[in-house]
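In: Sequence and computational prediction follow.
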Amino acid sequence: MLDKFHILSSVSGARGAEERADKVLVEAVLRELSDAADKWEALVEEAERITFAVDLGDIHAVANADGRLVELSLHPRATEYSHTELAERLNLAFAALRDEAVADNAARYGGSLR
């Protein structure tokens, strides 16, 4: 016949094994999360270095991977354009930047931009 001491020690031993297993699982999940965070950080750093540039002679534009215009230079003759002509030239430059970004995305990730 088992006495109270043996029963309690069996129960506490099983509980201890469960707690150790839980701790191992939590540590494994934390390691995976840390690894994923490191990979994400590396991707963000890479994306920050990517830029796309277009030079149409009268307009030079640079955008980053987020699609933000980071540089825009106009040749002095651009001041002679009408509003419509300037808008058309700027839209042409922005379309070229967009095309470059789409091609880069397809090359890197095999998909289209949304």
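Out: All right, it came through fine. Residues are numbered from 1 along each chain as shown.
In: which residues in the protein form strands?
Out: For the chain, the strands defined by DSSP state E occupy 51-55, 59-64, 69-74.
In: Alpha carbons only: can I get the shortest one in PDB?
Out: I take that to be strand 51-55. What follows is strand 51-55, C-alpha atoms only, in PDB (Å, rounded to 0.1, in the frame of the first residue of the first chain):
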ATOM      1  CA  THR A  51      16.500  53.300 -54.200                       C
ATOM      2  CA  PHE A  52      15.200  53.700 -57.700                       C
ATOM      3  CA  ALA A  53      16.300  56.600 -59.900                       C
ATOM      4  CA  VAL A  54      15.200  58.000 -63.200                       C
ATOM      5  CA  ASP A  55      16.900  60.700 -65.200                       C
END
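In: and the longest helix along the chain, average pLDDT?
Out: Ranked by residue count, the top helix of the chain under DSSP state H comes out as helix 4-49. In this model, helix 4-49 has a mean pLDDT of 81.
In: how much does that helix deviate in direction from strand 59-64?
Out: 170 degrees (axes from the mean of the first three to the mean of the last three C-alpha atoms, to 10 degrees).
In: ok now helix 4-49, how far from the chain's centre?
Out: Averaging C-alpha positions (C-alpha atoms, centre = their mean, to the nearest Å) puts helix 4-49 26 Å from its chain's average.
In: And stretch 88-97, by the same measure?
Out: Relative to the centre of its chain, stretch 88-97 is centred 25 Å away, using C-alpha atoms, centre = their mean.
In: Buried ones in that stretch, by neighbour count?
Out: By neighbour count on 16 or more other C-beta atoms under 10 Å, the buried set for stretch 88-97 is Arg89, Leu90, Ala93, Phe94, Ala96, Leu97. C-beta coordinates here come from the backbone N, C-alpha and C atoms, glycine included.
In: Now do that stretch, average pLDDT.
Out: 96.
In: Residues contacting that stretch, please?
Out: Here stretch 88-97 makes contact (C-beta atoms under 8 Å, 6 or more residues apart in numbering) with Phe52, Ala53, Val54, Leu56, Asp58, Ile59, Ala61, Ala63, Ala78, Tyr81.
In: Could you rerun that using 6 Å?
Out: By C-beta atoms under 6 Å, 6 or more residues apart in numbering, the surrounding residues in contact with stretch 88-97 are Phe52, Val54, Leu56, Ile59, Ala61, Ala63.
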